[in-house]
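Engineer: Fold the following, please.
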Amino acid sequence: MASINHTKRVLAELVLALFVVSMALKLYSGISPLYALIDTILSALQVEYVGIGINYSSLAAVFASKIIDAAILPLLTLLLATIFLDAINSISIREGVRRSITKRLNNHVIVAPFNSLALHLGAEMKKAGIDAVVVAKSSTEFNRAQEEGINCIIGEIKDAESFKAAGISRALCLISCSNTDMQNALIAITAKSVFPKVKIISTANNFENVDKLLKSGVMSIVQPEAIAGIEVASIISSNTNTLKTSHARTKRRGRVFRG
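Structural biologist: Sure thing, here's the model as predicted:
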């Protein structure tokens, strides 16, 4: 890792130095600063364009700057490739560490797929002192989970190996929280194919899909909309007097609007 960072720094400094030298040669040849900047950028990127119509005081300086410009692009390409590979290696290393940690977990909860509800569930599990592993499908999702301090591995929910890596045979349960019931059923079927005894809790977005989810191997089903309705009704019921008083005050102030 240190060698990669050193390589990136050397390449960046070399590209910058060549760019500055090329600019200086163009300025020496009589080109204005703006045109010198534009010409250096386009030449370095090897972009064809109509040349700047100006008399050069030093053709040798211009020729030398063009040679330097030609050397910038390969170095810049190498720098970008190094940065890209470094990013990939960084994610791979961190994901490898997370998989290693997951291998040591027991009685943990697996959450799939990655979404806002999965993040919320992971955070709540953490508060409750329960280990959770979220299955993400991309490095972007993995990084987001890491930012929230939630354990995460990269995998596909349709791939049995993902659930093996998440330690499904040692897990307390699996929470399937997709936005679509079909995907929740797919998660249940895939997980059961790895470890038939796993207990699965799934969300259901449509009531008519409850039976299908049960047949796919889901043990318990939660309907977020129904829970939200119950919570709202409970809030209104326990605060009826307060709401009535607030409504009466608002009405006296002339703030009640009717459509």
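
Engineer: By neighbour count, which bits of whatever helix or strand Val21 lives in are buried? Give me those.
Structural biologist: If you go by DSSP states H and E, Val21 is part of helix 2-28. Residues of helix 2-28 classed as buried by neighbour count (16 or more other C-beta atoms under 10 Å): Lys8, Leu11, Leu14, Val15, Leu18, Phe19, Ser22, Met23, Leu25, Lys26, Leu27, Tyr28. No exception for glycine: its C-beta is placed from N, CA and C like everyone else's.

Engineer: What of stretch 114-129?
Structural biologist: Neighbour counts over stretch 114-129 (16+ other C-beta under 10 Å) mark Phe114, Asn115, Leu117, Ala118, Leu119, Leu121, Gly122, Met125 as buried.

Engineer: What are the phi and psi values at the nearest residue to the fifth one once chain neighbours are set aside?
Structural biologist: I take that to be Leu119. Excluding the flanking residues, the one nearest Leu119 by C-beta to C-beta, 6 or more residues apart in numbering is Glu148, at 5.7 Å. Main-chain torsions, Glu148, degrees, to the nearest 10: phi -90, psi 0.

Engineer: What ranges in the stretch 151-259 of the chain fall below the confidence cut-off?
Structural biologist: Applying pLDDT under 70 to the stretch 151-259 of the chain flags residues 225-231, 240-259.

Engineer: Repeat the analysis, applying 80 as the threshold.
Structural biologist: Within the stretch 151-259 of the chain, the set of residues satisfying pLDDT under 80 comprises 224-259.

Engineer: Just the helices from it, written as ranges.
Structural biologist: Along the stretch 151-259 of the chain, counting by DSSP state H, counting those that start in this stretch, helices occupy 160-165, 181-194, 210-215, 224-238, 240-252.

Engineer: by contact count, what packs against the third one?
Structural biologist: By that I understand helix 210-215. Packing contacts for helix 210-215, counted by 3 or more C-beta pairs under 8 Å, 6 or more residues apart in numbering; DSSP states H and E, involve helix 181-194, strand 220-222.

Engineer: which two of the buried residues of stretch 114-129 lie the greatest distance from each other?
Structural biologist: By the measure C-beta to C-beta, Asn115 and Met125 form the most distant pair in the buried residues of stretch 114-129, at 15.3 Å.

Engineer: Contacts only, for the nearest residue to His108 once chain neighbours are set aside.
Structural biologist: Distances taken as C-beta to C-beta, 6+ apart put Asp131 closest to His108, at 3.8 Å, once the chain neighbours are dropped. Neighbour list for Asp131: Leu105, Asn107, His108, Val109, Met125, Asn151 [criterion: C-beta atoms under 8 Å, 6 or more residues apart in numbering].

Engineer: Sort out which one of these lies nearest Leu214 for me.
Structural biologist: Looking across these and measuring by C-beta to C-beta, the closest to Leu214 is Val109, at 20.3 Å.

Engineer: Nearest residue to the closest one in space, please, no chain neighbours.
Structural biologist: Ala132 (4.7 Å).

Engineer: domains in this structure, as residue ranges please.
Structural biologist: Listed by automatic domain parsing, the domain ranges of the chain are 2-92, 106-222.

Engineer: and those, which is most packed in?
Structural biologist: Highest mean neighbour count of these: domain 106-222, a mean of 18 (counted as mean count of other C-beta atoms under 10 Å).

Engineer: Right, I'll call it a day here.
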